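Undergrad: Predicted model and sequence below, questions to follow.
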Amino acid sequence: MISIFDFYDMMEKGNVLLSFKGEVTSELLTSVLQIMEHKMDKMDESPKIRKKVYNILVECLQNLYHHIDEDPSAEEHDKTAFFMIGKENGQYSIMTGNYMLTENVEKLKTKLDTINNMTKEELKEYYKQVLNNGEMSAKGGGGLGMIDIARKSGHKLDYNFKPIDDNHTFFSLKVTVG
């Protein structure tokens, strides 16, 4: 069995600033953003990096909050999410994970691949195109979140889908900032 110290040491060596597993609520989002603002303040991070990390973190956490699939048959653990924020070699990593319905995987994968295959200029144009399109998703967003994350981070979106059973898949996203 891993001791609490071993777990602490593993997180310390991994440069983990904050991690969470559980139900994502609006109160949690507010608290996490305040904690990260305080941590980056104490680390004397430049205003430019603070703003970039903060904005991307907001978008990632909103994605968790708004896009955990509503499935009445889902187990309680299927409605929880995970996120972790770390810093190594001058770059922040924002990692998120949540369960989703397998039937929605292909659509999300296609969108992420489209975003990852675009240049900075193409992303800017795609953002404007989606913004001007005016279509809203069933969750109330216009589909701008992942585009915005890719634009602001300046890096490709690192993602993975792990099938859990016939109906559920675990979606992981890692965004590098800096």
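TA: The structure has been received and is ready for your questions.

Undergrad: So which other helices or strands are in contact with the helix or strand encompassing residue 147?
TA: Assigned by DSSP states H and E, residue 147 belongs to helix 145-153. Packing partners of helix 145-153 (3 or more C-beta pairs under 8 Å, 6 or more residues apart in numbering; DSSP states H and E): helix 47-67, helix 105-116, helix 120-133, strand 168-177. C-betas here are computed from N, CA, C, even on glycine.

Undergrad: helices or strands next to the last one in the packing?
TA: Okay, so that is strand 168-177. helix 47-67, strand 91-101, helix 105-116, helix 145-153, strand 158-163.

Undergrad: Let's have these in CSV, adding mean pLDDT, mean neighbour count and distance to residue 178.
TA: As requested, these are exported to CSV (pLDDT from 0 to 100; neighbours: other C-beta atoms under 10 Å; distance: least, C-beta to C-beta, whole Å):
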stretch, mean pLDDT, mean neighbour count, distance to residue 178
helix 47-67, 91, 18, 6
strand 91-101, 94, 19, 4
helix 105-116, 95, 14, 19
helix 145-153, 95, 20, 9
strand 158-163, 97, 13, 14
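
Undergrad: As JSON lines, these with distance to residue 16 would be great.
TA: Output for those, formatted as JSON lines (distance: least, C-beta to C-beta, whole Å):
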{"stretch": "helix 47-67", "distance to residue 16": "14"}
{"stretch": "strand 91-101", "distance to residue 16": "9"}
{"stretch": "helix 105-116", "distance to residue 16": "25"}
{"stretch": "helix 145-153", "distance to residue 16": "19"}
{"stretch": "strand 158-163", "distance to residue 16": "17"}
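
Undergrad: Indicate which one of the ones you listed is closest to residue 131.
TA: helix 145-153 (9.1 Å; C-beta to C-beta).

Undergrad: what residues does the closest one touch?
TA: 52, 55-56, 59-60, 62-63, 111-112, 115-116, 118, 120, 123-124, 126-127, 130, 156-157, 175-177 (C-beta atoms under 8 Å, 6 or more residues apart in numbering).
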